[in-house]
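In: Sequence first, then the predicted structure, then my questions.
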Amino acid sequence: MSEAPRPRRRGRTTLLIAAAAVLGTCTGFLVQADREPTRLPSLSQPVVKQAKGEVEPLSAAQDRHVKVDGDLRKLLLKKPSGAKKADWLGDSDGWMSLASYADAFEKPGGAFGDLVHDEFRRAAVTGWESGDVSVTIRLIQYRQEEYAAADRAAGDAQYWAEDEDDTDSWVVPGTEDGMAYVHNEPETEPGYLPLYSAEAHAWRGDIAVEVWVYDTKPITKKKIMDLAERQMERL
């Protein structure tokens, strides 16, 4: 086996080149030291005058973050004159805890875990009754530190609404993908009047919007769309 080549030794030529380089550098320093310093060009720029006057902060009506970070209940539609507060609200102050909101689902246990994962922040609710008509509106706010949970929540609700048989649907004006639904087939139970339902699901920013309407008679498109549009305008 042949031996590996050894590194080449530095000879006299290499030392002479190194010495010449050092000598040249020293000479350059000495020549530069005898010269007058060269004046550098000015770096100053024209002075821009500052605008006078004060900038007025946005009002709560203009600044959406002020609105949605305040009292969420104030963004809910007001109970119409002549209607009464929904009996199921009881002595509620308009807030829903995570547990109480999860209890509104068919499987509260699973819903509770999903809401924790989705970074549920808070929920506001209102409801009223007028004759046989019952209305429920919820605003569900999420922290959204990981992803757009409000968009996802509205999408999930729309999925289940569309899964119902004999259902008509329409886009809610003023929203990107908000939808309103009228279920034409009523729920029936012996001893009870048929119960028709309609719903709307949309979102804006970190808030998911739910609108529910129940009646013993078929619900019109105009009814659910009017509620959905007016609620979205308040956001």
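Out: Now that the structure is in, tell me what you want to look at.

In: Show me which helix or strand of this protein is least confident by mean pLDDT.
Out: helix 12-34 (a mean of 44; mean pLDDT, DSSP states H and E).

In: Now do the contacts for Ala81.
Out: Let me fix one detail, which is that residue 81 is Ser and not Ala. When contacts are counted by C-beta atoms under 8 Å, 6 or more residues apart in numbering, Ser81 is found next to no other residue. The C-beta positions use only the backbone N, C-alpha and C, and glycine is treated the same way.

In: again, but for Asp151
Out: For Asp151, the contacting residues are 203, 208, taking C-beta under 8 Å, 6+ apart as the criterion.

In: On the three-state scheme, it is what?
Out: helix (DSSP: H, G, I helix; E, B strand; the rest coil).

In: What distance do you get for it to Gly178?
Out: In this view, Asp151 and Gly178 are 11 Å apart by C-beta to C-beta, to the nearest Å.

In: Ok, Ala149 next?
Out: Using C-beta to C-beta, we find Ala149 at a distance of 16 Å from Gly178.

In: Likewise for Leu76?
Out: According to C-beta to C-beta, Leu76 stands 16 Å off from Gly178.

In: With neighbour numbers in mind, choose between these two.
Out: A side-by-side neighbour count of Leu76 and Gly178, using other C-beta atoms under 10 Å, places Gly178 first with 23 against 19.

In: The more buried one touches Ala157, doesn't it?
Out: No - contact status for Gly178 versus Ala157: not in contact, 10.6 Å apart, counting by C-beta atoms under 8 Å.

In: Between the two, which contacts overlap?
Out: Shared contacts of Gly178 and Ala157, defined by C-beta under 8 Å, 6+ apart, comprise His201.

In: all strands of this structure, in order?
Out: Per DSSP state E, the chain carries strands over the ranges 84-85, 95-96, 120-130, 133-142, 167-171, 179-187, 195-204, 207-215.

In: now the first one: mean pLDDT?
Out: Confidence over strand 84-85, taken as the mean pLDDT, stands at 94.

In: what lines up beside it in the sheet?
Out: Strands flanking strand 84-85 in the sheet, each with its direction: strand 120-130 (antiparallel) (DSSP bridges).

In: and what of the second one?
Out: Strand 95-96 has its sheet partners listed here by DSSP bridges as strand 120-130 (antiparallel).

In: In terms of pLDDT, where does the closest residue to Trp95 other than its chain neighbours sit?
Out: Across the structure, with C-beta to C-beta, 6 or more residues apart in numbering as the measure, the residue nearest Trp95 apart from its sequence neighbours is Ala124 (6.2 Å). Confidence at Ala124, expressed as pLDDT, is 98.

In: Return the residues in contact with Ala124.
Out: Under the criterion of C-beta under 8 Å, 6+ apart, the contact partners of Ala124 comprise 72-73, 75-76, 94-96, 138-139, 141.

In: Which member of those is positioned nearest Ala200?
Out: Distances from the contacts of Ala124 to Ala200 were compared by C-beta to C-beta; the smallest belongs to Arg138, at 11.2 Å.

In: I figured that closest one hits Arg122, correct?
Out: No - taking contact to mean C-beta under 8 Å, the distance of 11.0 Å between Arg138 and Arg122 leaves them out of contact.

In: Find the residues that touch each one of the two.
Out: With the criterion set as C-beta under 8 Å, 6+ apart, the overlap between the contacts of Arg138 and Arg122 is Met96.

In: tally of neighbours for Glu210?
Out: Applying other C-beta under 10 Å, we find 21 other residues in the vicinity of Glu210.
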